[in-house]
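Student: My questions concern the predicted model and sequence given below.
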Amino acid sequence: NAGVMQNPRHLVRRRGQEARLRCSPMKGHSHVYWYRQLPEEGLKFMVYLQKENIIDESGMPKERFSAEFPKEGPSILRIQQVVRGDSAAYFCASSPPSGLNTGELFFGEGSRLTVL
Amino acid sequence: AQSVTQLDSHVSVSEGTPVLLRCNYSSSYSPSLFWYVQHPNKGLQLLLKYTSAATLVKGINGFEAEFKKSETSFHLTKPSAHMSDAAEYFCVVSGQPSGGYNKLIFGAGTRLAVHP
């Protein structure tokens, strides 16, 4: 069974460009979470999505960031007009419907964004 | 509000000696607590979890943690360190009460180094 797949693993963008990060959850998982890890810090919750629905986006910056999890295809985290402060590792995690609040999330290996 | 504090950013031990990684938590309700491990350039993996059953929790790879309500602590221990234990360890508290979803709150992490 494939785990949570994230791509690209590494992404370099210049200031003002757009970054798109993709996440395919584990087979059978319909819940996706995005977390951001800044250098030397723990992970910070960004957004929780179910298929076609954003359930909790309280951790998302108000501007330039958006996320979606369409009926078909991977979840996408989109960052418009990137700035140097967006440089971080972005982790996607998934859980099955039965995994609500068990604390067990299955994490991908992360997408490391570098903004020049 | 939920929070965790990891008391040591770096811990260094010799192979074969005990490991102690310290974590204190703050919670406005009965907490669910977890330890996750992150090996370099990898995703995070759940080590163990406490969800109000036994206060001494056993996890994978010989790790265990003890929930102490009076001390608001959830320290991670292992009797004998192995070279493969070298990684970043995160203490985590659930940001949702029981029945909610997996909005996890991470500590800043403790980097464990194991020397021969």
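Tutor: Arrived safely, thanks for sending. Residues are numbered from 1 along each chain as shown, chains lettered A, B, ... in the order given.

Student: who in chain A is up against chain B?
Tutor: Applying C-beta under 8 Å from any C-beta of the partner chain, we find that chain A lies next to chain B at A:3-4, A:31, A:33, A:35, A:40-45, A:48, A:55-56, A:91, A:93, A:95, A:99-105, A:107-110. In this view, the C-beta of every residue, glycine as well, is placed from N, C-alpha and C.

Student: Find the centremost residue of chain A, please.
Tutor: Among the residues of chain A, A:Trp34 comes closest to the average C-alpha position under C-alpha atoms, centre = their mean, at 3.4 Å.

Student: so where do the strands sit in chain A?
Tutor: Along chain A, counting by DSSP state E, strands occupy A:5-7, A:10-13, A:19-24, A:31-37, A:43-50, A:53-56, A:65-68, A:75-79, A:88-95, A:106-107, A:111-115.

Student: In TSV: these, plus distance to B:Pro40 and mean pLDDT.
Tutor: Listed next are these as TSV, based on distance: least, C-beta to C-beta, whole Å; pLDDT from 0 to 100:
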stretch	distance to B:Pro40	mean pLDDT
strand A:5-7	16	96
strand A:10-13	14	97
strand A:19-24	20	98
strand A:31-37	13	95
strand A:43-50	16	94
strand A:53-56	30	93
strand A:65-68	27	97
strand A:75-79	23	98
strand A:88-95	12	94
strand A:106-107	14	91
strand A:111-115	12	96
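
Student: Those residues of chain B touching chain A, which are they?
Tutor: Looking at chain A, the residues of chain B close enough under C-beta under 8 Å from any C-beta are B:32, B:34, B:41-46, B:49, B:51, B:90, B:92, B:94-96, B:98-109.

Student: just the buried members of these?
Tutor: B:32, B:34, B:43-46, B:49, B:51, B:90, B:92, B:94-96, B:101-107, B:109 (16 or more other C-beta atoms under 10 Å in any protein chain shown).
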